[in-house]
Each structure stands twice: as C-alpha cells, then as structure tokens.
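A.B. asks: Here is my input, please return the structure:
(one chain, ligands or ions: 1)
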Amino acid sequence: MSETFDFIIHGGTVITPGGPVETDIGVRAGKIAAFGKLNPSAAAHAYDASHLTVLPGCIDEQVHFREPGPTHKEDLETGTRGAILGGIVALFEMPNTDPATTTQAAIEDKIDRATGRAWTDFAFYVGASPENAEELGTLERLPGCCGVKMFMGSSTGTLLVADDENVARVLRSGSRRVTVHSEDDMRLTERAELVAGGADVSMHPEWRDVETAVRSTQRLLALARKHHRRVHVLHVTTAEEMDILAANKDIATVEVLPQHLTLAAPECYERLGTLAQMNPPIRDGRHRDALWAALNAGVVDCIGSDHAPHTLEEKARPYPRSPSGLTGVQTTVPLMLNHIAQGRLTLQRFVDLMSAGPARIFGIANKGRIALGYDADFTVVELAAKRTITNKWIASRTGWTAFDGMDVTGWPMATIIRGHVVMRDDEVQDKPLGIPVRFQETL
Ligand code: DOR
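C.D. replies: Okay, here's the model as predicted:
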C-alpha cells in the first residue's frame, strides 16, 4: 500500500534551500513528511499548485495589534486575518499595547487571547522598561515569547529605555537577541520644538533626523559590545547606520521595512500627508537607495511590516498630533514580490529575508525553510499575477493602506499553516488555528 498523508501540495515549483525544484510535498501531523511525485488521492486534503511557486511560509517579526488596549484600531483576530490574506504564516507582536506587555501575566494574557482567534502562529515580545530590567532574562524565555523589545526613542505608547545606564541594565539581563527601536530620545526631546506648535508633516524626518537614528545606533552597538549581547536593530532608515551596522554584523542583525524601501520624501508626504507618518520616518531617495544597496550587499537580515494601525480619523488630526504608523502586515508580500518583478531583488533573497532570516535571528524551531521535519508552512505565490492593492482588500479594522491604488506584479494565492489552507484566492477559510511559535531550547 502506498504512503498516506494528511495533506499534499502538488504540481508547484518549490523553493527549497538548494533552489527551485519541481516536487510535490506530503504532510503528516503538520510537518513536512515527503518530497517527490505523490498521489494527491493519498491525502485527506490536497492543494493544486500547478503554475504556482511554493515558498517557505513568510514570517513577519514586527507587528502592533493593539490588544489589549485600543482595539478599535486592531485586535488579534483582525490583525492575523490581514496577515494570512497577505501570505504571512507566523508573526511576532509588539509590547506597546495597553497595558504594555512587561510581565509574565501580560504575556500569558496575550497567549490566552490569541488562542482560538489567531489565524497565524504567533509569539509576543516582552517590553523592556527600567522597572522590569532585571527580570527580562526570565521573561524572555517564557513559552510564546520571542524575546525582549526595547524602545530607545519614544513612539506610540509609554515604553521607553532612554539612557545608557538603563540600556545597559536591559542588555545585561538575559541572553537572547534584544530587538531595538533605535532613535535617541534625548535628541528627540531637544528637537521637539521644531514641530511642537504645529508643522507640515514633511518636517517629520527633520525632527526625527538622521543624527537621531545614528546616535542611538552607535550608543546601542557600543553597549551591546561591552555587555556581550546580540541585538536586532529594527526598521533601519539611514545610509549612515547601514555603514556602521555592516561593521558590526557579529553582534547586530538588521531589519528593513517595505515602506522605507518603496516610498521616499518629499513625494510621500505631498501625496499621502500623515498616512506616511511613522517612526523612524520615511526619508529621501538617498537613504532609500542606501537601504537597497545594504539589502543586496547582505547587511539586511529580514523584512518586517511594522504594521502599526491608526484610524483615518486619528490620522486626520493636525501634525504632530496625528499618530505615527502605517498598516502593512497584508501588503509586505505583494510589495516585495513587485520589487522582485521590477528586478530589485531575487526570489531566493526574498525567501532569505522573509523566512530563513527571521528563523535565524530568533532561533525559531522548525520554521523558515522547506525541509523534512519542518512545519508545513507555505506561502504560495503567482509571480506574474497582476493585481491592484486597494483599501477594500485590507482586513485591518482601520481599513486603509498607504499603497491603495498601486498596481503590483506578484500576489499570494494561498497561505498554508502546518498543512492547513487558511487562505485561498483572497478568501479566508478553515478556522483560526494559530499556536505559539517555538524557539530553540538552547538560545
Ligand atoms: O510609527 C510607529 N508606530 N513606530 C513605532 O515605533 C510604533 C508604531 C505604533 O505602535 O503605532
């Protein structure tokens, strides 16, 4: 009798660690169990991926979902629904909720809330603060926790670790990689008067200028080296930081965002106003080009969305009272596939940035590549599909994307999580089956 499987995906071009291979994949108990020519009728469920490309499931290591707290913007159900519509199989959610995620009880509360409601697999960051610095080494190892997030500059919410002494306390506590929002809060405060009385939103990158980012990243790297701690620098926006980071790859990994790779000042502020307002800001073309150069030179380790929803009403407040952040969890994959179609990066590099990269940075167990024994997570894409990104397609409770009306080439056709097809042809199906992501024990 031939082998039986729970699920078979067949007929597609599969992007394996060795490159593209025409193969079927057999799945048993949520794990990849076989490659080769398989009989789809030997499985309870099958997906025909003929003419499609099967990628390892894309992982978004930076989203803000607002639950508990201002759930009128987003919650764990709506946020993860947007994620699967956009081809994301697992995501890490940020601690600047209300209350902030700074305790064991807060992490456990988020896991409870996500269970039965999350469409993707998930993990939660614990937020660093001067109050919990010494406990972080314990908190970062809780099941369902992906590690520590430290805000060195004030952004949405109250979490902040601004001065060197407290940054050092955080870096000394624990051993996993510390994820950092790197803007120098002292300089932000000094320069706040530039915009305090009201200003055009195009002043946002003047207030939160290059020096604000560079100074913070230099301080962070010096302290990380001194205290022998690895760091992950989020949403890097400047040419200058990329040069510095390239010289510190032994301790630092780097994330960039599709927003910073796709949009540039001043055009984005003229066209989108406060919809383009985020921290750290979207800067001019010199920086955007430098981010691409760093990406293609291998300095960048992963791409996240920094999905940071605020309602259109909130965004309509006069700057600087308008909140910072763009939605993004649903648009990352289409935007980056479009960049592939336009020749800015290869499909192999996309997989490295969206799957293998997050797995390597965070020590994720059994995700991030298509290999025997790994979770059967697949982002199935049609590289030549022509679509238009629209607000109507966006599942976020806020209902908008800065990329509304943009034509793209390349689209996620199905999202498959541990052998379950949860999105197919822009429709959500099955049920929210998300579970906590697991991490390598020794990290
Ligand atoms: O623009 C941003 N929005 N940057 C952040 O660091 C936080 C985020 C949010 O949560 O709104």
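A.B. asks: Around the ligand, which positions in the stretch 1-150 of the chain sit nearby?
C.D. replies: Residues of the stretch 1-150 of the chain lying near the ligand by C-beta under 6 Å from any ligand atom: 64, 96. From N, CA and C alone the C-beta is placed, and that goes for glycine too.
A.B. asks: all strands in the stretch 1-150 of the chain, in order from the N-terminus.
C.D. replies: Assigned by DSSP state E, counting those that start in this stretch, the stretch 1-150 of the chain shows strands spanning 5-10, 13-16, 19-22, 24-28, 31-36, 43-48, 53-56, 58-63, 88-93, 121-127, 145-151.
A.B. asks: Tell me who's in contact with the residue nearest to Val380 when sequence neighbours are not counted.
C.D. replies: Excluding the flanking residues, the one nearest Val380 by C-beta to C-beta, 6 or more residues apart in numbering is Ala414, at 4.0 Å. Neighbour list for Ala414: 47, 49, 52, 378-380, 421, 423-425 [criterion: C-beta atoms under 8 Å, 6 or more residues apart in numbering].
A.B. asks: Mean pLDDT added to the strands of the stretch 1-150 of the chain, as a markdown table?
C.D. replies: Shown next, in a markdown table, are those (pLDDT from 0 to 100):
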| stretch | mean pLDDT |
| --- | --- |
| strand 5-10 | 98 |
| strand 13-16 | 98 |
| strand 19-22 | 98 |
| strand 24-28 | 98 |
| strand 31-36 | 98 |
| strand 43-48 | 97 |
| strand 53-56 | 98 |
| strand 58-63 | 98 |
| strand 88-93 | 98 |
| strand 121-127 | 98 |
| strand 145-151 | 98 |
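A.B. asks: Redo those strands as JSON lines? Include mean neighbour count.
C.D. replies: Shown next, in JSON lines, are the strands of the stretch 1-150 of the chain (neighbours: other C-beta atoms under 10 Å):
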{"stretch": "strand 5-10", "mean neighbour count": "23"}
{"stretch": "strand 13-16", "mean neighbour count": "19"}
{"stretch": "strand 19-22", "mean neighbour count": "11"}
{"stretch": "strand 24-28", "mean neighbour count": "23"}
{"stretch": "strand 31-36", "mean neighbour count": "16"}
{"stretch": "strand 43-48", "mean neighbour count": "17"}
{"stretch": "strand 53-56", "mean neighbour count": "25"}
{"stretch": "strand 58-63", "mean neighbour count": "28"}
{"stretch": "strand 88-93", "mean neighbour count": "29"}
{"stretch": "strand 121-127", "mean neighbour count": "27"}
{"stretch": "strand 145-151", "mean neighbour count": "26"}
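A.B. asks: between those, which one is nearest to Met278?
C.D. replies: strand 58-63 (12.0 Å; C-beta to C-beta).
A.B. asks: angle of the closest one against strand 121-127?
C.D. replies: On the basis of axes from the mean of the first three to the mean of the last three C-alpha atoms, to 10 degrees, strand 58-63 is oriented at 30 degrees to strand 121-127.
A.B. asks: distance between strand 58-63 and the chain's centre?
C.D. replies: 3 Å (C-alpha atoms, centre = their mean, to the nearest Å).
A.B. asks: again with stretch 62-72
C.D. replies: So, by C-alpha atoms, centre = their mean, the centroid of stretch 62-72 is 15 Å from its chain's centroid.
A.B. asks: List the buried residues for that stretch?
C.D. replies: For stretch 62-72, burial by neighbour count (16 or more other C-beta atoms under 10 Å) applies to 62-71.
A.B. asks: so which of these comes closest to Cys302?
C.D. replies: When these are ranked by distance to Cys302 (C-beta to C-beta), Gln62 comes first, at 9.0 Å.
A.B. asks: With adjacent residues omitted, what lies nearest to the closest one?
C.D. replies: Counting by C-beta to C-beta, 6+ apart, the residue nearest Gln62 is Gly304, at 3.5 Å.
A.B. asks: For burial, what's the neighbour tally of the one you found?
C.D. replies: 27 (other C-beta atoms under 10 Å).
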